[in-house]
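1. Below is the structure, and that's it, no one-letter string:
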Ligand SMILES: [Zn+2]
């Protein structure tokens, strides 16, 4: 499709045309701390990718928003424990994620796992993955998508899986708005095309494109508690998984999570690149 026809078609959609890229705002008009009544979808590659946003997600859930977390892979590879099988690890990662979400107040049925293999996301059939993501976007109609930042102007380097998840999420956001893409979802499954109007992109390092910092001071404890469940990924559980960590190990996990929380102007924060506008311009 040519740009001109894309834009003219977009202007015909039912969404506010403040979505045009040249009008894209750099910060949410309403501060994130005041958001309510929104549907929020986070797309990540692994159980714990959402951990970078746990304070914000706990806040949004507490403020009357509906928060969904979608993880593309089962996380069935990342261990150095020689005793664990892929199946066991996938089960452990699922339980850890559900426990973490529970501490954030997010119901278990708001956790979606698409079941792809850990470490191989970029080698999956991209069209099939995007189709799956589009289906969830068209089911949930998110007002805001949280995702790995695919980069602004340049292509951001993330490790494998995160890199794939960044682009797959952006590509799915774009595809979801076009009725004739994956049109069987509309003609056969009763879904409706959807343009996600706003985005919160996250990074684990290199925060130079951030423009929005959420004050999570009141949600630090929830983030710490939630993060302490990922015992198969950190600490002694990484090499020798034990489903029943000692009190000291839990304490150490909590201290580790607390250490990862950033501070800005004396406040505990999580930072994002907020973007609102057409999915076509996510990277501009
Ligand atoms: Zn990850």
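-> Good, I have the coordinates. Treat the numbers as computed from the prediction; the structure is a model and nothing was measured.

2. List phi and psi for whatever residue of the stretch 51-200 of the chain ends up closest to the ion.
-> Of all residues in the stretch 51-200 of the chain, the one sitting closest to the ion is residue 162 (5.6 Å; C-beta to the ion). C-beta coordinates here come from the backbone N, C-alpha and C atoms, glycine included. Per-residue torsions, residue 162: phi -70, psi -40 (degrees, to the nearest 10).

3. can you check residue 93 too?
-> Torsion angles, degrees, to the nearest 10, at residue 93: phi -60, psi -40.

4. Leaving out chain neighbours, which residue sits closest to it?
-> Nearest residue to residue 93, sequence neighbours excluded (C-beta to C-beta, 6 or more residues apart in numbering): residue 75, at 3.7 Å.

5. cool, residue 245 as well?
-> Looking at residue 245 with C-beta to C-beta, 6+ apart, the closest residue is residue 231, at 5.4 Å.

6. ok now do that neighbour, which residues does it touch?
-> 96, 237, 241-243, 245, 249, 253 (C-beta atoms under 8 Å, 6 or more residues apart in numbering).

7. Over to residue 130?
-> Applying C-beta under 8 Å, 6+ apart, the residues contacting residue 130 are 168, 171-172, 175.

8. Tabulate those residues (JSON lines), appending secondary structure, neighbour count and pLDDT.
-> Below are the contacts of residue 130 laid out as JSON lines (DSSP: H, G, I helix; E, B strand; the rest coil; neighbours: other C-beta atoms under 10 Å; pLDDT from 0 to 100):
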{"residue": "168", "secondary structure": "helix", "neighbour count": "25", "pLDDT": "98"}
{"residue": "171", "secondary structure": "helix", "neighbour count": "19", "pLDDT": "98"}
{"residue": "172", "secondary structure": "helix", "neighbour count": "25", "pLDDT": "98"}
{"residue": "175", "secondary structure": "helix", "neighbour count": "19", "pLDDT": "98"}
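
9. Of the residues you listed, which is the nearest to residue 40?
-> residue 172 (15.7 Å; C-beta to C-beta).

10. Give me the neighbour count for the residue in the chain that the ion sits nearest to.
-> When distances are taken as C-beta to the ion, the chain reaches nearest to the ion at residue 46, 3.5 Å away. For residue 46, the tally of surrounding residues (other C-beta atoms under 10 Å) stands at 25.

11. Report the contact partners of it.
-> Contacts of residue 46 by C-beta under 8 Å, 6+ apart are 71, 73, 75, 78, 93, 118, 161.

12. what's the answer for residue 269, then?
-> 213-216, 262-263.

13. Turn the buried ones among the residues you listed into a named PyMOL selection, would you?
-> A single PyMOL command is used to select the members of these judged buried by 16 or more other C-beta atoms under 10 Å:
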select buried, resi 213+214+215+216
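
14. Farthest pair within the contacts of residue 269?
-> Pairwise across the contacts of residue 269, and taking C-beta to C-beta, the largest span is found between 214 and 263, at 12.9 Å.

15. The lengthiest strand in the chain pairs with which strands?
-> Assignment by DSSP state E gives strand 267-276 as the longest strand of the chain. When pairs are called by DSSP bridges, strand 267-276 turns out to pair with strand 198-202 (antiparallel), strand 212-215 (antiparallel), strand 262-264 (antiparallel).

16. What parts of this protein come near the ion?
-> 45-46, 49 (C-beta under 5 Å from the ion).

17. For this protein, just list every one of the helices.
-> 3-12, 54-62, 86-104, 126-140, 162-176, 184-187, 220-227, 247-260 (DSSP state H).

18. sorry, back to before: select from the contacts of residue 46 the one having the most neighbours.
-> Neighbour max across those (other C-beta under 10 Å) = residue 75, 29 neighbours.
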